[in-house]
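Visitor: can you look at this prediction? I've put the sequence above it.
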Amino acid sequence: GFHVTVLDPDPAAPAGQVADVHVMGRFDDAAKLGELVERCEVTTFDIEGIDAEALRILADRGHVIRPSPTLLALIQDKLQQREKLAGIGVPVPRFQRQDAPDREAFAAFGYPLVQKVRRGGYDGRGVQLMHSDADFDKALPRPSLLEAMVDMDKELAVMVARSVTGEVRSYPVAEM
């Protein structure tokens with residue numbers, strides 16, 4: 001009962017093979033995003049590497065985009081995301097902004113630490129564990145945040161969805 005249009009740069013993309021329409025283009029291509037959104041009553045996404053500003057402009061023109069491009073922009077920048085979470089009282093590891101690798105700044109922050117690039121990292125990409133100053137040469141040469149390393153036994157995830165009327169549903173907890 002749904003007409004599905006997808007955007008993907010890969011001509012053999014699995015979603016493109018089962019969708020009604022496959023718009024071929026990069027996720028950060030504003031023109032291709034516009035083409036996708038123009039074809040849809042509601043647009044959503046499942047990857048964060050999308051041009052959030054292009055989506056914001058399309059939403060401002062009246063297109064329905066869920067989640068909002070404002071939320072997408074927030075999660076695209078790990079520093080802004082941490083600041084937001086800390087600001088609303090969610091426990092987060094100690095962190096600091098780090099615009100470029102700096103041996104003295106890393107040492108002053110304290111080892112062990114986790115360096116995370118602010119933009120573009122996901123699923124372990126853009127993350128560098130540093131146990132001591134001896135690891136400094138592994139530092140990622142991009143704007144980052146430093147986080148205190150936290151011992152973890154396991155990582156859990158919960159998918160929560162909220163309707164435009166405020167109804168909330170959560171899916172079972174999954175171990176990552």
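Guide: It's in. Numbering: from 1, shown residues only.

Visitor: let me see the ranges of the strands in this protein.
Guide: All strands of the chain, identified by DSSP state E, fall at 5-8, 21-24, 42-43, 64-65, 95-98, 113-117, 127-130, 144-148, 156-157, 160-162, 168-170, 174-175.

Visitor: got those strands as CSV, with distance to Phe136, mean neighbour count and mean pLDDT columns?
Guide: (Glycine included, C-beta is placed from N, CA and C.) Below are the strands of the chain laid out as CSV (distance: least, Cβ to Cβ, whole Å; neighbours: other Cβ atoms under 10 Å; pLDDT from 0 to 100):
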stretch, distance to Phe136, mean neighbour count, mean pLDDT
strand 5-8, 38, 21, 96
strand 21-24, 42, 17, 97
strand 42-43, 43, 16, 96
strand 64-65, 41, 18, 96
strand 95-98, 12, 18, 97
strand 113-117, 10, 21, 96
strand 127-130, 7, 16, 96
strand 144-148, 12, 21, 97
strand 156-157, 32, 9, 93
strand 160-162, 38, 10, 90
strand 168-170, 41, 9, 96
strand 174-175, 33, 8, 94
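
Visitor: could the ones you listed go into a markdown table alongside distance to Gly87?
Guide: Supplementary listing: the strands of the chain in a markdown table, determined by distance: least, Cβ to Cβ, whole Å:
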| stretch | distance to Gly87 |
| --- | --- |
| strand 5-8 | 33 |
| strand 21-24 | 37 |
| strand 42-43 | 28 |
| strand 64-65 | 24 |
| strand 95-98 | 12 |
| strand 113-117 | 18 |
| strand 127-130 | 23 |
| strand 144-148 | 15 |
| strand 156-157 | 23 |
| strand 160-162 | 20 |
| strand 168-170 | 22 |
| strand 174-175 | 27 |
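
Visitor: what's the closest of these to Glu35?
Guide: strand 21-24 (5.3 Å; Cβ to Cβ).
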